[in-house]
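Undergrad: Give the three-dimensional model of this entry:
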Amino acid sequence: MKAAVVILNWNGKKILEQFLPSVIKYSAGATVFVADNGSTDDSVSFLEENFPQVNILRSAENKGFAGGYNEALKHVKAEYFILLNSDVEVTEGWIKPIIDLMDSDNTIAACQPKVRMHSNKQLFEYAGAAGGFIDKYGYPFCRGRVFETLEEDKGQYNDNCEVFWATGACMFVRSEVFFEAGGFDEEFFAHMEEIDLCWRMKNLGHKIMYCGSSTVYHVGGGTLQKSNPYKTYLNFRNNLMMLIKNTEGFKLFRVLFVRVVLDDVAQLKFLLSGNFKDFLAVLHAQFYVFFHFFKIRKKRKGIKENVSGVYNHSIVADYFLRGKKKFSDLDF
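TA: Next comes the predicted model:
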């Protein structure tokens, strides 16, 4: 099998009903799988009745994004995995440009398309936009999206470009490299696991790419809403874990110190704005990392110095203090 589209589902019948038809319509040449992550609604029976051409992979429990995909992909034999969120509308010809690009260079481990908002299709979408980067303190951002600033797509990112990370909302990944890198870290459960995986694949000497000639539209927040304190916890905790796992040795403690201070500022902002549950979520995240530091540190291996795609400045300072709101404003 050349390519397999694998959609992770958890209690997402309504989302599948809305978006799965476009996947089936525009994914000729790829085999479509839905990996059910322990759903308690009638998602599976709905699929069986209405989409018999879709292959269903079942898990008895919800293992999150990371564990759910790790389990499902063990049972999919394909050269390329196309990991697709259930709330993504794909477009005609979305697969071929990326497969052609990855076929042309076997050092490419993963690639993403252009990701635009489903609700406002001229704007780039938060989770991926036109390819992901991180700053020197581990803050992720994208071409087309820096923090809350979303750019309008005017063709400025119609290129193919090497990036630091490809979005898990729509990630094409070479299956051989996925397993070589160890798959997703299941301790992450959800959020930033794709950035951690891309970092590990880059440490193995592979490239992560963005392909501007393929476009999808993402709703976002389909499982955990943006204001959910659990999402806040996962984002802050997982970012710190990712830094511990992948930052080169002599930089690690300096980077962690600065990052914890910046997280404390965010925590204070939550408290002053009345978001007490988010304040506690950040505190919980920091305690988790503190008490599990040595266990997390044992996961470090094969770390490379000066990995490409890291912005060697503070995106926080650039955005909030220097007013650099767009990717084109940054000093790459």
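Undergrad: Check which helices and strands the helix or strand hosting Val258 is in contact with.
TA: Per DSSP states H and E: Val258 is located in helix 249-272. Counting contacts by 3 or more CB pairs under 8 Å, 6 or more residues apart in numbering; DSSP states H and E, helix 249-272 packs against helix 229-246, helix 276-291. Using the backbone N, CA and C atoms, a C-beta is placed for each residue, glycine as well.
Undergrad: and the first one, how far from the chain's centre?
TA: In other words, helix 229-246. 13 Å (CA atoms, centre = their mean, to the nearest Å).
Undergrad: which secondary structure elements does it contact?
TA: Using 3+ CB pairs under 8 Å, 6+ apart, helix 229-246 is in contact with helix 193-203, helix 249-272, helix 276-291, helix 293-297.
Undergrad: mind listing what's buried in the third one?
TA: I take that to be helix 276-291. 278-286, 288-289 (16 or more other CB atoms under 10 Å).
Undergrad: Can I get those in JSON lines including pLDDT and distance to Gly138?
TA: Converted to JSON lines, those look like this (pLDDT from 0 to 100; distance: CB to CB, whole Å):
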{"residue": "Asp278", "pLDDT": "96", "distance to Gly138": "19"}
{"residue": "Phe279", "pLDDT": "97", "distance to Gly138": "21"}
{"residue": "Leu280", "pLDDT": "97", "distance to Gly138": "22"}
{"residue": "Ala281", "pLDDT": "97", "distance to Gly138": "18"}
{"residue": "Val282", "pLDDT": "97", "distance to Gly138": "15"}
{"residue": "Leu283", "pLDDT": "97", "distance to Gly138": "19"}
{"residue": "His284", "pLDDT": "98", "distance to Gly138": "19"}
{"residue": "Ala285", "pLDDT": "98", "distance to Gly138": "13"}
{"residue": "Gln286", "pLDDT": "97", "distance to Gly138": "14"}
{"residue": "Tyr288", "pLDDT": "98", "distance to Gly138": "16"}
{"residue": "Val289", "pLDDT": "97", "distance to Gly138": "12"}
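Undergrad: Reformat those residues into JSON lines and put distance to Ala317 next to each item.
TA: Output for those, formatted as JSON lines (distance: CB to CB, whole Å):
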{"residue": "Asp278", "distance to Ala317": "22"}
{"residue": "Phe279", "distance to Ala317": "23"}
{"residue": "Leu280", "distance to Ala317": "27"}
{"residue": "Ala281", "distance to Ala317": "24"}
{"residue": "Val282", "distance to Ala317": "20"}
{"residue": "Leu283", "distance to Ala317": "24"}
{"residue": "His284", "distance to Ala317": "26"}
{"residue": "Ala285", "distance to Ala317": "22"}
{"residue": "Gln286", "distance to Ala317": "21"}
{"residue": "Tyr288", "distance to Ala317": "27"}
{"residue": "Val289", "distance to Ala317": "23"}
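Undergrad: circling back to that earlier point, rebuild the helices and strands packed on helix 249-272 as CSV, extending it with distance to Phe164.
TA: Shown next, in CSV, are the helices and strands packed on helix 249-272 (distance: least, CB to CB, whole Å):
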stretch, distance to Phe164
helix 229-246, 11
helix 276-291, 22
